[in-house]
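> Sequence first, predicted model second:
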Amino acid sequence: MRTSRLPVKPMEDIVLKGLTGFIIKFICRIAEIFGFWKLPSKKAAADILDMSLLDKIYWVYKSLNPIVQPEKDNPLKKGASDSYSFQLPDGFEKGEDVTIGAVGDMMKVGGLEHSKDFLYEKVADLIFENDIVYGNFESQLTEQEIVEMVFKEDESPELCCTQEQYEALKSHRGKNYTVFHTACNHTMDKGMEGLQTTLKHLQADQIMDIGTNLKPEDQDKGKIVDVNGIRIGFVSATFGLNGRTVPAGEEYRVNVAKLHNPNGPADVSLLQHQIADCQQQNCDFIIASLHWGFEYEFFPRTDQVQTTHLLVEAGVDAIISHHPHVIQPVEVYQTKRDPDRLAVIAYSLGNLTSPYSAPPLALSQILNLSLNKGTFKDKSRTYIDSYLATPVVQTESENQGKPAIQPVKVSDVNEMDDCPLEQSYLEELNTYVDLVQGEFRVD
């Protein structure tokens with residue numbers, strides 16, 4: 001990219017001092033020279049509560065050198081363009097349609113405050129021309145002082161956006177998001193005040209929050225959207241809260257599940273309760289919204305693939321994931337509970353808005369799903385009719401003479417009159433796109 005106003009990578013925001021800082025930088029340099037982290041570190045922790053010093057060094061290394069190779073035993077396989085077909089089962093009689101546009105991490109970034117009704121101009125067709133519009137709202141709102149996002153050795157950064165930045169994120173020319181996922185590792189950055197302020201604004205804007213709750217009994221329930229006679233249930237959770245806590249007695253306020261369990265399989269019991277509730281409420285289609293994964297790795301871990309399949313077999317029909325801050329594959333999974341059903345699993349949509357300008361961190365995918373509720377074998381069924389994952393990249397521009405940001409489809413960048421990306425930057429972007437685009441399956 002041409003000279004950027006933004007930091008390139010998180011390393012520019014990391015405060016490393018003294019002997020610990022020297023050790024971290026030294027080990028990262030040795031890892032670069034000898035390549036012992038070219039593959040994902042198998043024993044690394046995802047939750048800051050589980051991280052050793054070595055895990056934190058590995059995190060710093062990845063923030064500089066994203067991991068582009070999967071684990072050796074990763075079951076996801078990329079097929080040739082004509083290897084798989086995605087279609088409704090033979091004999092399915094179509095009925096009503098619902099379309100969904102979904103984006104990944106929406107974070108505070110300089111210039112966002114000047115981007116209202118400008119931010120989505122180049123991608124509005126993929127997002128807002130849908131019946132349901134979904135996003136992961138990563139930055140909390142607060143009435144407290146907003147501090148700069150700085151990584152320190154002993155604590156994680158706060159990630160909060162201003163009212164002006166929220167106004168730019170939430171809508172485009174009067175069209176609001178339908179659903180914001182609000183359970184993430186930054187949910188408690190400003191304590192209960194931040195959570196309550198965020199939910200107050202979403203309620204005023206008629207945006208449904210998922211992952212957070214007002215009452216204890218809501219934690220085990222799905223959240224429902226009815227569109228065109230199709231009842232869609234959302235189940236949701238985050239893997240952790242960056243070591244911060246919810247006040248005693250109010251743990252129900254955020255859906256936290258041990259999705260990365262260093263001592264065994266993922267704990268999906270909370271999600272299973274939510275799935276059962278959606279089934280009891282006669283949902284036609286269930287979407288799991290998961291904040292999890294390993295940051296700066298382009299492929300999900302093997303145990304993540306196993307967990308998503310477990311959730312699908314329990315009743316989930318599509319999964320939308322976020323948190324790694326880079327894009328990951330979309331898997332098409334043929335379910336065992338219904339051999340005619342194909343589930344779409346998006347392991348990471350990346351950063352729609354990013355505080356950093358490096359190619360892997362400015363790259364994201366917009367996921368589009370088309371659902372159809374019809375009749376198959378004399379029973380009502382709702383299947384995915386089609387899906388599309390479109391790579392987009394955050395660019396820096398001006399709006400009314402002020403610095404602004406704008407995601408643009410990667411395929412459109414070269415056609416712009418004044419291309420905002422250098423050729424080398426675009427080539428790196430396309431390398432990452434080629435890495436994860438295509439149809440992935442587990443054979």
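Structure received.

> and the longest strand seen in the chain, what other elements does it pack with?
Looking across the chain with DSSP state E, the single longest strand is strand 379-399. Using 3 or more CB pairs under 8 Å, 6 or more residues apart in numbering; DSSP states H and E, the elements in contact with strand 379-399 are strand 342-346, strand 351-353, helix 359-362, strand 363-376, strand 402-409, helix 410-413, helix 423-436. (Each C-beta comes from the backbone N, C-alpha and C, glycine too.)

> Please tell me how far the closest residue to Leu369 other than its chain neighbours sits from Leu270.
Nearest residue to Leu369, sequence neighbours excluded (CB to CB, 6 or more residues apart in numbering): Ile100, at 4.4 Å. Separation of Ile100 from Leu270 (CB to CB, to the nearest Å): 23 Å.

> The two: who's more crowded?
Ile100 (25 against 18; other CB atoms under 10 Å).

> So what does the residue of the chain positioned farthest from its centre look like in phi/psi?
The outermost residue of the chain, judged against the average C-alpha position, is Asp378 (36.8 Å), by CA atoms, centre = their mean. Dihedral angles phi and psi of Asp378 (degrees, to the nearest 10) take the values phi 70, psi 20.

> quick one, helices of the stretch 151-300 of the chain?
Taking DSSP state H, counting those that start in this stretch as the test, the helices found in the stretch 151-300 of the chain are 163-170, 191-204, 269-280.

> Which one, of those helices, ends up nearest to Thr353?
Among those, helix 163-170 comes nearest to Thr353, with 7.0 Å by CB to CB.

> Now do that closest one and strand 402-409, the angle between them.
20 degrees (axes from the mean of the first three to the mean of the last three CA atoms, to 10 degrees).

> just the angle between helix 163-170 and strand 379-399, please?
Here helix 163-170 runs at an angle of 140 degrees relative to strand 379-399 (the same axes, to 10 degrees).

> Restricting to C-alpha, output helix 163-170 in PDB.
Output of helix 163-170 as PDB, limited to C-alpha atoms (Å, rounded to 0.1, in the frame of the first residue of the first chain):
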ATOM      1  CA  GLN A 163     -19.800   7.200  18.800                       C
ATOM      2  CA  GLU A 164     -18.700   8.600  15.400                       C
ATOM      3  CA  GLN A 165     -16.900   5.300  14.500                       C
ATOM      4  CA  TYR A 166     -19.900   3.300  15.500                       C
ATOM      5  CA  GLU A 167     -22.200   5.400  13.400                       C
ATOM      6  CA  ALA A 168     -20.000   4.600  10.400                       C
ATOM      7  CA  LEU A 169     -19.900   0.800  11.200                       C
ATOM      8  CA  LYS A 170     -23.600   0.200  12.000                       C
END
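
> Residues contacting it, please?
106, 108-109, 112-119, 135, 137, 139, 141, 161, 176-177, 180, 201, 205, 207, 353 (CB atoms under 8 Å, 6 or more residues apart in numbering).

> Next, the buried residues of stretch 90-104.
Residues of stretch 90-104 classed as buried by neighbour count (16 or more other CB atoms under 10 Å): Phe92, Val98, Thr99, Ile100, Gly101, Ala102, Val103, Gly104.
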